[in-house]
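Visitor: no sequence for this one, just the structure:
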Ligand code: AMP
């Protein structure tokens, strides 16, 4: 179906065409004709980000009589942000329609201008329930001409304790008005509101009931509770292009995590109920402008945030109810984009994941926490991506000869090695000392599983940056270790040589000394500087050049390569 086949007016079609809307989303295809063609009440089960605002907004705008001075339509929604967003969207949809007046009415702002605007005359009121009740009590809102009422994110409004306010508002609306209820989930409370205030509503479900958005993948990482923050940092390091929301359960936790991230050099700030409205606005402005990479938020504070293009939602701790999880994960994967919702859980929280999986009807995939090696490889691959962009001819070409002269005699490989090490100095140093923090194996026989067994038996696995591609044999690997660490003869356990990397086990007590000896002794093999680090989790068989199918890499927009967007090849540390 096309927008032009729906009976929408040319002015409205022009408005949405300016916004770049070409094809109706499923919720729009179902809801727009239903509203335009009959006055029946409607319950629509649809996730956030599915295009609900236009679904109810376009027919609502079309059916306005601009000669009437008092409101003809009322939209109730849970938060100030959503309220402002809906009002903004409606104004955009109506850009080519003459004389439409939309008023946003919300708490936390001076009530006087809202009262004055109401008196001047309004067609559509978009309101949060608390402030709307306030206006009604002051007898400043005339609802006698209301023909249409929308309850948007009804489940959230009820979750937030607005039931009484909703009832007070709905009892003021004339009997014959059409009521449209939108909700991501249908808990008992929402069903009872629908039963009480709606007449024989038509029910429209877009997607599966309670299902998360189709283009969001759900993942979880298992770490000990003490390592949660470390795991979060690793995700942020692994995905340097991450633009996401980190959900916490309490305001205190939200503030603490954001403070720590800030101290550790990440662009992150918190959003929670203890902030003043100005502080919230300031944080949101920075986040929208992408001055922040991560917004650390409570569920309530993040309701209704309309930020598209989020690559990740991180559940720093899982919520107790499905509704909150659906809302959290629905913040990503919006407007046709793909996204990832990642939960950090401890070993006792498997049941929670299983429970959400069952209710959501979507499978969660367990991922290993990226190790230092994974992160450095991904960052190096990101560097390769950046380097593959050929700069425009310019001043650089004039200074190039003197640059070449200064670096005469340095081989291409050595130059790249120095450049990469300069770019990633801090990261490489930090992660060379960081252990694997996966709390449990991914599955029986996996690399992580084996690693745990060997650690228990007193052995730990190290990774070397050369492999079959460099014609390395197990015997040569042992020789290299002995050459690097002359002071002791280290016992070497199992050896696994893959195309670009090699893995070998050494006693835990000797591991650090072996790593340091390679760092100090500058061992070369076939012209390549050899380095050794703690091996990470993940399947070693898949870890060589097939790394292009990186398990941590989110689905990115096609033209936007991620940090792991290129195979690491010989860029490994
Ligand atoms: P909503 O669920 O109303 O918050 O919409 C989510 C996002 O999708 C908003 O940024 C809208 O501007 C965008 N959007 C809604 N409908 C369409 C459409 N038919 N085509 C393209 N984008 C849309």
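Guide: Everything's here; your move. What you are looking at is a predicted structure, and each value in this text was computed from that prediction instead of being measured. Numbers count the residues shown, from 1 in each chain.
Visitor: Tell me who's in contact with the nearest residue to residue 532 once chain neighbours are set aside.
Guide: Sequence neighbours aside, residue 518 is the residue nearest to residue 532 in space, at 4.3 Å (criterion: Cβ to Cβ, 6 or more residues apart in numbering). For glycine as for every other residue, the C-beta is placed from the backbone atoms N, C-alpha and C. Neighbour list for residue 518: 484, 530, 531, 532 [criterion: Cβ atoms under 8 Å, 6 or more residues apart in numbering].
Visitor: So which of those is surrounded by the most neighbours?
Guide: residue 532 (26 neighbours; other Cβ atoms under 10 Å).
Visitor: now that one: how far from the ligand?
Guide: Counting by Cβ to the nearest ligand atom, to the nearest Å, the gap from residue 532 to the ligand is 49 Å.
Visitor: That residue contacts residue 515, doesn't it?
Guide: Yes. When contacts are counted by Cβ atoms under 8 Å, residue 532 is listed as touching residue 515 (5.3 Å).
Visitor: so what sits against both of the two?
Guide: Common contacts of residue 532 and residue 515 (Cβ under 8 Å, 6+ apart): residue 462.
Visitor: Show me what from this structure comes close to the ligand.
Guide: By Cβ under 6 Å from any ligand atom, the residues of the chain that approach the ligand are 21, 23-25, 28, 48-54, 306, 308, 334-335.
Visitor: let's go with 5 Å and repeat that
Guide: Applying Cβ under 5 Å from any ligand atom, we find that the chain lies next to the ligand at 21, 25, 49, 51, 52, 53, 54, 335.
Visitor: what's the burial count for the fourth one?
Guide: Counted by other Cβ under 10 Å, the residues lying close to residue 51 total 20.
Visitor: which residues touch the residue nearest to residue 424 when sequence neighbours are not counted?
Guide: Leaving out its chain neighbours, the residue that sits closest to residue 424 by Cβ to Cβ, 6+ apart is residue 379, at 5.5 Å. If you count contacts by Cβ under 8 Å, 6+ apart, residue 379 has them with 237, 240, 424, 427, 563.
Visitor: correct me, but the fourth one touches residue 237?
Guide: Yes. With contact defined as Cβ under 8 Å, residue 427 and residue 237 form a contacting pair (6.8 Å).
Visitor: who has more neighbours, those two?
Guide: Under the neighbour definition other Cβ under 10 Å, residue 427 and residue 237 were set side by side, and residue 237 has more, 21 against 17.
Visitor: you'd agree the more buried one is in a helix?
Guide: Yes. Secondary structure of residue 237 (DSSP: H, G, I helix; E, B strand; the rest coil): part of a helix.
Visitor: Quick check: it vs the ligand, distance?
Guide: To the ligand, residue 237 is 30 Å away according to Cβ to the nearest ligand atom.
Visitor: Closest one of the contacts of residue 518 to the ligand?
Guide: Closest approach to the ligand among the contacts of residue 518 (Cβ to the nearest ligand atom): residue 531, at 46.2 Å.
Visitor: Please name the residues that touch that closest one.
Guide: Residues near residue 531 by Cβ under 8 Å, 6+ apart: 464, 465, 518, 519, 573.
Visitor: So which of those residues is surrounded by the most neighbours?
Guide: residue 464 (25 neighbours).
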